[in-house]
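Visitor: A structural model of the following input is requested.
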Amino acid sequence: MRARVLLGVVVLAVLSFIVNVPAADAQTGYGETTNVLPGQVINLSGIACPPNGTVSITLNGVEVATGTADANGNWSVDVTIPSDLADGTYAVNATCGGKVVFSATFVLGEELSRTGASHVGLLVGIGLAVIVLGTSLVLGSRRVRRERDPVGTG
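Guide: Numbers count the residues shown, from 1 in each chain. Predicted coordinates:
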């Protein structure tokens, strides 16, 4: 019985890890380096603006878009990457009330092929859950077999 309780706790811990893997930018408002193309429309969103405050989006210090935060300070702005920019790396910032509330780096130019995975934590969590589930099934079947055919009865 103790083993089943321990197994249940382990399964719940692994599942809570899987559920609580944060999405990129969801909590911090700061982004990773992202590849974009000239003329592409991207959506930036974040938190921590003054209620109904103006959001200013800058690309290497030049304002390229503005928006308005909602009553809770959440904001979302569509930004069109200027089609006349040269290939290169650009800093994108969003400011509200004089403070930076979002910052990311964009690489402008030909889209690069992606290597690796951004969901490693999720995949590791799922793998651990499968291992724990398999172990519990094996242990459960052994216990059932012992109860049906006790040792020494033939």
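Visitor: which helix is the longest one in the protein?
Guide: helix 120-148 (DSSP state H).
Visitor: buried set for that helix?
Guide: Within helix 120-148, the residues scored as buried using 16 or more other Cβ atoms under 10 Å are Gly125, Leu128, Ala129, Val132, Ser136. For every residue, glycine as well, the C-beta is placed using N, CA and C.
Visitor: Closest one to Ser103 out of those, please.
Guide: Nearest to Ser103, judged by Cβ to Cβ, of those is Gly125 at 28.5 Å.
Visitor: which residues touch Gly88?
Guide: Gly88 is in contact with Val107, Leu108, Gly109, counting by Cβ atoms under 8 Å, 6 or more residues apart in numbering.
Visitor: Which elements pack onto the longest helix of the chain?
Guide: If you count contacts as 3 or more Cβ pairs under 8 Å, 6 or more residues apart in numbering; DSSP states H and E, helix 120-148 packs onto helix 2-19.
Visitor: Number of residues surrounding Leu44?
Guide: 21 (other Cβ atoms under 10 Å).
Visitor: In a strand, it, correct?
Guide: Yes: counting by DSSP: H, G, I helix; E, B strand; the rest coil, Leu44 is found in a strand.
Visitor: close enough to count as contact, Asn74 and Pro51?
Guide: No: judged on Cβ atoms under 8 Å, Asn74 makes no contact with Pro51 at a distance of 9.7 Å.
Visitor: before we move on, back to that, just the buried members of the contacts of Gly88?
Guide: Buried members of those, counted by 16+ other Cβ under 10 Å: Leu108.
Visitor: Rank the helices and strands of the chain by mean pLDDT and give me the bottom one.
Guide: helix 2-19 (a mean of 53; mean pLDDT, DSSP states H and E).
Visitor: Considering the contacts of Gly88, which is situated nearest to Gln40?
Guide: Nearest to Gln40 among those, with distances taken as Cβ to Cβ, is Leu108, at 9.1 Å.
Visitor: Would you confirm that the closest one contacts Pro82?
Guide: No: between Leu108 and Pro82 there is no contact under Cβ under 8 Å: 9.1 Å.
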